[in-house]
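J.: Structure for the following, please:
(chains A and B)
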Amino acid sequence: MLAAARCVVYRDLLLAVRRPGDVATALLFFVIVASLFPLGIGAEPNLLRAVAPGVIWVSALLSCMLSLGRLFAADHDDGTLEQMLLGAAPLGVVVAAKAFAHWLVSGLPLVAIAPLVALQYDLPPALYGVLALSLLLGTPVLSLIGAIGAALILGTRGGGVLLALLVLPLYVPVLIMGAGSIEMAEAGLGAGGQVLLLGAMLLVAAAFAPWAIAAALRISSE
Amino acid sequence: MLEAAGLECERGGRTLFRSLSLSLQPGESLRISGANGSGKTSLLRILCGLAAPSAGEVRWHGSPIRELKEEYAKQLVYLGHSSAVKGDLTAAENLSITCTLAGLQVRKTALHAALERFGLGASAVPVRKLSQGQRRRAALARLCLSAAVPLWLLDEPFSALDATGIELLRALLLEHLARRGAVAFTTHQDPGIAATHVVDLG
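T.: Next comes the predicted model:
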């Protein structure tokens, strides 16, 4: 079972290495969207500092959406998904590994690059820790919830827009807690509560999302 | 060991087949024939558990496959119409990953021997740069490593293969039948294998 999970993570990382363009696209999208706001709003430091948490988090949500569409669609098209459905390991384990690999490729780079983006918003360096921590806990939730949507829209036409309509509303709690943690820290109130709630969301998503993804895949591949 | 009773399949409001029953014992082969769109692939997908029949049931050694799930999946190899190989990986990488996911523990030497047998031994290029037939060979190489898996379900295994490829696959199928495995396959061509059972879907 563990061998299968390791194998799926290794496979998806290997595919990402062979096609670095896909990873770079999502990351560049994040950087560009987050960089457009200071240009549009103007260089008023107080205003920028106030909008920074929300803008950075919304950019992260959108960038995550960008790579989700291909999460199962590529495997569906070349038939490898059928082989996963007929694998020796429970499907829940396999899809959890796929969601983890998706996070490694699309979520983790955001965590690393977010402080650099935050420079444009004049966010105090003391907040970089909270920013990175909130993204570190929040982005895996995005991958897990997003994978449910990606599994449901498999084989439908115009799936990309449908995926956004399906998944973005479910991202709201993560957005509120993620951006909220940085705002609280900015106001000097301590981000402990929000960060703990993000951690709780991650635990719940990690426990239940894989089974929902597996069920959705079985339905849409019939 | 494999039995199906009263199978019915509906696709897009049209009934493809109704009250179809079949049974497959060790050492037997089943050939599914029929015109395009007659439901050959649908029947094979029902037999391997990827799709559910609208009526009827498939049983493996007497237990419904719906209840067996992974236990049944471990007992079969299904090769679908698409070759199920990743274009960006090499044939060896593809084969090694497919076998791990199928729960087969395969040594490197056995893996290379399997690819060698299908003429892909030294191929280190991504599969996407290979021809259709070579991609098919990369998928079929898995059969060399699946001797211990009793049930083989193959969807159009002979398509895109050249004469030597067809000969190789036929030898593999006969080997499998000789060691009391069971094979079900769909085909348009005459495979040169005297199938124990034939299901004609019309």
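J.: Tell me, how many residues neighbour the closest residue to chain B within chain A?
T.: Nearest residue of chain A to chain B (Cβ to the nearest Cβ) works out as residue A:88 at 2.6 Å. Backbone N, C-alpha and C define where each C-beta goes, glycine included. Using other Cβ atoms under 10 Å in any protein chain shown, residue A:88 has 18 neighbouring residues.
J.: so what's residue 100 up against?
T.: This is for chain A. A:9, A:140, A:143 (Cβ atoms under 8 Å, 6 or more residues apart in numbering or on different chains).
J.: wrong one, chain B
T.: A:3-4, A:7, B:106.
J.: would it count as being in a helix?
T.: Yes - inclusion of residue B:100 in a helix is indicated when DSSP: H, G, I helix; E, B strand; the rest coil is applied.
J.: do you know how far it is from residue A:33?
T.: 38 Å (Cβ to Cβ, to the nearest Å).
J.: ok, residue A:70 - contacts?
T.: Going by Cβ under 8 Å, 6+ apart, the list of residues near residue A:70 reads residue A:22.
J.: quick one: it and residue A:12, what's the gap?
T.: 11 Å.
J.: Spit out the residues that contact those two alike.
T.: If you check residue A:70 and residue A:12 against Cβ under 8 Å, 6+ apart, no residue is contacted by both.
J.: neighbours of residue A:164, just the number please.
T.: By other Cβ under 10 Å, neighbour count at residue A:164 equals 19.
J.: nearest residue to it other than its sequence neighbours?
T.: Take residue A:164 and drop its neighbours on the chain: the residue closest to it by Cβ to Cβ, 6 or more residues apart in numbering or on different chains is residue A:65, 5.7 Å away.
J.: which of the contacts of residue B:100 lies closest to residue B:44?
T.: residue A:4 (23.8 Å; Cβ to Cβ).
J.: Nearest spatial neighbour of that closest one, chain-adjacent residues omitted?
T.: Nearest non-adjacent residue to residue A:4 (Cβ to Cβ, 6+ apart): residue A:89, at 3.6 Å.
J.: before we move on, what about residue B:166?
T.: residue B:158 (5.5 Å).
J.: Equivalent analysis for residue A:150, please.
T.: residue A:71 (4.4 Å).
J.: Just to check, that neighbour is in contact with residue A:148?
T.: No - using Cβ atoms under 8 Å, residue A:71 is not in contact with residue A:148; the gap is 10.5 Å.
J.: anything in contact with each of the two?
T.: Common neighbours of residue A:71 and residue A:148, counting by Cβ under 8 Å, 6+ apart, are absent.
J.: So which bits of the longest helix anywhere in chain A are buried?
T.: The longest helix of chain A (DSSP state H) is helix A:192-220. For helix A:192-220, a neighbour-count test (16 or more other Cβ atoms under 10 Å in any protein chain shown) marks A:194-195, A:197-199, A:201-202, A:205, A:209-210, A:212-218, A:220 as buried.
J.: what's the answer for stretch A:73-86, then?
T.: Applying 16+ other Cβ under 10 Å to stretch A:73-86 flags A:73-76, A:78-86 as buried.
J.: got the contact list for that stretch?
T.: Contacts of stretch A:73-86 (Cβ under 8 Å, 6+ apart): A:8, A:72, A:91, A:94, A:150, A:154-155, A:159, A:217-218, A:221, B:48-50, B:73, B:76, B:78, B:80-87, B:98, B:101-102.
J.: Stretch B:125-138 spans what distance, first to last residue?
T.: Start to finish, the residues bounding stretch B:125-138 are 12 Å apart (Cα to Cα, to the nearest Å).
J.: my bad, stretch B:47-54
T.: Using Cα to Cα, one end of stretch B:47-54 lies 13 Å from the other.
J.: and that stretch, is it in reach of chain A?
T.: Yes - using Cβ under 8 Å from any Cβ of the partner chain, stretch B:47-54 reaches chain A at B:48-52.
J.: The nearest residue to residue B:15 once chain neighbours are set aside: neighbour count?
T.: The shortest distance from residue B:15 to any non-neighbouring residue, by Cβ to Cβ, 6+ apart, is to residue B:8 (6.8 Å). Look at residue B:8: counted by other Cβ under 10 Å, it has 15 neighbours.
J.: Residue A:6 too?
T.: 12.
J.: which residue sits closest to it in space, ignoring its chain neighbours?
T.: residue A:97 (7.6 Å).
J.: The one you found should be in a helix, yeah?
T.: Yes - applying three-state DSSP, one finds residue A:97 inside a helix.
J.: tally of neighbours for residue 65?
T.: No chain was given, so I picked chain A. 22.
J.: You answered for a different chain; I wanted chain B.
T.: Residue B:65, neighbours per other Cβ under 10 Å, totals 22.
J.: Would you agree it is in contact with residue B:58?
T.: Yes - the criterion here is Cβ under 8 Å, and residue B:65 meets it with residue B:58 at 4.9 Å.
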